[in-house]
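[1] give me the fold of what follows.
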Amino acid sequence: MVGRPRGDLLTEVVDPASDRPVFRQIADHLRGLISSGQLAPGEALPSESQLVGHYGVTRTTARVAVAVLKGEGLVVSEHGKGSYVRPRPQVRRLGSDRFARRHREAGKAAFVAEVESAGSKPTVDQITVTEERPPAGVARRLGLTGRAKTVVRRRRYLIDGQPVELATSYIPAALGRGTAIAEPNSGPGGIYARLEEQGHRLDRFAEEVRARMPLPEEAQALRLPSGVPVFQLVRTAYDTDGEAVEVCDTVMSSDVYQLDYELPAR
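    From the prediction side, this is the model:
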């Protein structure tokens, strides 16, 4: 976190005759400073004393106003240091480009190519690889029956050191077992490059997206403050024979990603 509290940014005043509570008016003013960029990511909010002095309110009212912004995921607090604008790397996720073959041929997985193009540093941690029976919905998408197993790859993605995404890939064991897909480091271009090396040339991807609140363990892994929802995106990859070769269940911090899709008009 950087910077000292800036009381000079406080120019608005509250309207005591308004039917909107004073603490919400103060929160509106501070939110406006954040959205306009006058308070940048990592910058300190005006101190509690500055809010009290400018607005003529109690410390309790000032605290409640800041708590509103914390609940919206805009602000974080450090004990004894004050409140700061929450840093949030922004990624434009281009659905029409991120899985382009040229990225794999250049040795880059989709996430790496996407984040580097935005001028940020991508990293991956908490990688685990197991072999297990998939959830029923995943088995259905992959066309698996009975006790068929999958190679399951779980990992966390970070941008400039900040966790932004959790992903779990399910690959039929018949395709992944005994290959680099079953290793923590799947090699240049990621698992899609390995599948194509086996002759499963990728043809299309189907994605389903919904918004929800994170589970406690997801909020902890992504370091999400209260009030920030996630996108859950389930993607199925198909080869040119129409065979489903992977299902990826991804949980993404919603305030980091902009999901862009280009759809043909037929």
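[2] mind listing the strands for the stretch 151-266 of the chain?
    162-172, 202-212, 230-239, 244-253, 257-260 (DSSP state E, counting those that start in this stretch).
[3] to Gly7, which of those strands lies closest?
    Closest to Gly7 of the strands of the stretch 151-266 of the chain, according to C-beta to C-beta: strand 162-172, at 28.6 Å. The C-beta positions use only the backbone N, C-alpha and C, and glycine is treated the same way.
[4] who are the packing partners of the closest one?
    helix 136-142, strand 150-159, helix 190-197, helix 216-222, strand 244-253 (3 or more C-beta pairs under 8 Å, 6 or more residues apart in numbering; DSSP states H and E).
[5] nearest to Phe231, of these?
    strand 244-253 (4.4 Å).
[6] please save the CA atoms from that closest one in PDB.
    Presented in PDB, the C-alpha positions along strand 244-253 are these (Å, rounded to 0.1, in the frame of the first residue of the first chain):
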ATOM      1  CA  ALA A 244     -14.600 -34.000 -25.900                       C
ATOM      2  CA  VAL A 245     -11.000 -34.200 -24.700                       C
ATOM      3  CA  GLU A 246     -11.100 -31.900 -21.700                       C
ATOM      4  CA  VAL A 247     -13.500 -30.100 -19.300                       C
ATOM      5  CA  CYS A 248     -12.100 -27.200 -17.300                       C
ATOM      6  CA  ASP A 249     -14.000 -25.800 -14.300                       C
ATOM      7  CA  THR A 250     -12.700 -22.300 -13.600                       C
ATOM      8  CA  VAL A 251     -13.500 -19.900 -10.700                       C
ATOM      9  CA  MET A 252     -12.500 -16.300 -11.500                       C
ATOM     10  CA  SER A 253     -12.500 -13.100  -9.500                       C
END
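[7] that strand to helix 190-197, inter-axis angle?
    Put simply, strand 244-253 runs at 170 degrees to helix 190-197, going by axes from the mean of the first three to the mean of the last three C-alpha atoms, to 10 degrees.
[8] could the strands of the stretch 151-266 of the chain be laid out in a markdown table, adding mean pLDDT?
    Listed next are these as a markdown table, based on pLDDT from 0 to 100:
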| stretch | mean pLDDT |
| --- | --- |
| strand 162-172 | 95 |
| strand 202-212 | 93 |
| strand 230-239 | 95 |
| strand 244-253 | 96 |
| strand 257-260 | 79 |
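[9] since that was my last question, I'll sign off now.
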